[in-house]
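In: below: sequence and its predicted model.
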Amino acid sequence: MTCIQCPVLSRCRTQIVYPRAGTNGLLMLGEAPGAEEDLAGENFAGPSGQKLRDLLAEQGICWAETGRASIVRCRPPWDRPPSGEEVQACLLLLEEFLRAAPPRVILTVGCLAARIFWGSPRLLVNLERMRRAAPRYRDVERAHVHLRGLLAKTPCAILVLPDSRPTVWNRRAPNGQRWSEIGQEQVALAARLLREHGDCP
Ligand code: SF4
């Protein structure tokens, strides 16, 4: 299928980077393909993906079994943020993908994905909401995927990771923690939720 709904993106991309469903119940969801992803045709193929792979491996989560997707499937020129129209167009495709292969846990990577799922770009606010909900899976389970009102309620936990570029992960968040520490906590929580539901060893 060749999608040309976004005139600029469809002209500039090397290829559409399709989402990949995992087998362990976890979906990593980023913003848009970058240069490496655009060439490889795979989400999280670049250096930031390596960081995520390492983090998951520390928690015993297999990268090959983990689903990967992005809000927008085509690389924006000069890696600019996708426009509202582009996000809206591609969210319909993401909705279809999530309906076909619903994950148990979504780890959003970066502000755009967090904003779409939580309605706020403020990661620390999202983290606080997640912390309050995290102690019992039943509470987390009540989190709903909101794709601009299009996606029906899906029982799955949604956690947030900061943008995984090293420049961001080395900085301190407003609460004094390094973003890398926050990322480790979130991945550890994802692993725990998957274990509780028998998806991970
Ligand atoms: S970003 Fe999504 S909606 Fe836009 S052209 Fe690419 S595949 Fe189609």
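Out: Great, that's in hand.
In: where are the low-confidence patches of the chain?
Out: Applying pLDDT under 70 to the chain flags residues 1, 118-158, 164, 166, 197-201.
In: go again using 80 as the cut-off
Out: Counting by pLDDT under 80, the ranges of the chain that qualify are 1, 48, 111-168, 173-175, 196-201.
In: all strands in it, in order from the N-terminus.
Out: For the chain, the strands identified by DSSP state E occupy 26-30, 67-70, 105-109, 157-161, in order along the chain.
In: looking at these, which is nearest to the ligand?
Out: For the strands of the chain, proximity to the ligand was assessed by Cβ to the nearest ligand atom; strand 67-70 is nearest, at 9.0 Å. From N, CA and C alone the C-beta is placed, and that goes for glycine too.
In: what packs against the closest one?
Out: Using 3 or more Cβ pairs under 8 Å, 6 or more residues apart in numbering; DSSP states H and E as the contact criterion, the secondary-structure elements in contact with strand 67-70 are strand 26-30.
In: coming back round to it: tell me which of the strands of the chain sits most buried.
Out: For the strands of the chain, ranked by mean neighbour count under the definition mean count of other Cβ atoms under 10 Å, the leader is strand 26-30 at a mean of 28.
In: direction included, what does that one pair against?
Out: For strand 26-30, the pairing partners within the sheet under DSSP bridges are strand 67-70 (parallel), strand 105-109 (parallel).
In: could I get those strands as TSV with distance to residue 34?
Out: Converted to TSV, those look like this (distance: least, Cβ to Cβ, whole Å):
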stretch	distance to residue 34
strand 67-70	10
strand 105-109	12
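In: now those strands as JSON lines including distance to the ligand?
Out: Output for the strands paired with strand 26-30, formatted as JSON lines (distance: least, Cβ to the nearest ligand atom, whole Å):
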{"stretch": "strand 67-70", "distance to the ligand": "9"}
{"stretch": "strand 105-109", "distance to the ligand": "17"}
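In: relative to residue 163, which of the ones you listed is closest?
Out: Residue 163 sits nearest to strand 105-109 of all the strands paired with strand 26-30, at 6.8 Å, using Cβ to Cβ.
In: which residues sit against that closest one?
Out: Residues from elsewhere that reach strand 105-109, judged by Cβ atoms under 8 Å, 6 or more residues apart in numbering: 25-31, 44, 48, 52, 114, 116-117, 145, 156-164, 186-187, 190, 193-194.
In: cool, and stretch 46-58?
Out: 26, 28, 34-37, 43-44, 62-63, 66, 109, 161, 163-166, 169, 183-184, 187, 191.
In: repeat that with 10 Å
Out: The contact list for stretch 46-58, computed with Cβ atoms under 10 Å, 6 or more residues apart in numbering, reads 24, 26, 28, 30, 33-40, 42-44, 61-66, 68, 107, 109-110, 161, 163-166, 168-169, 180, 183-184, 186-188, 190-191.
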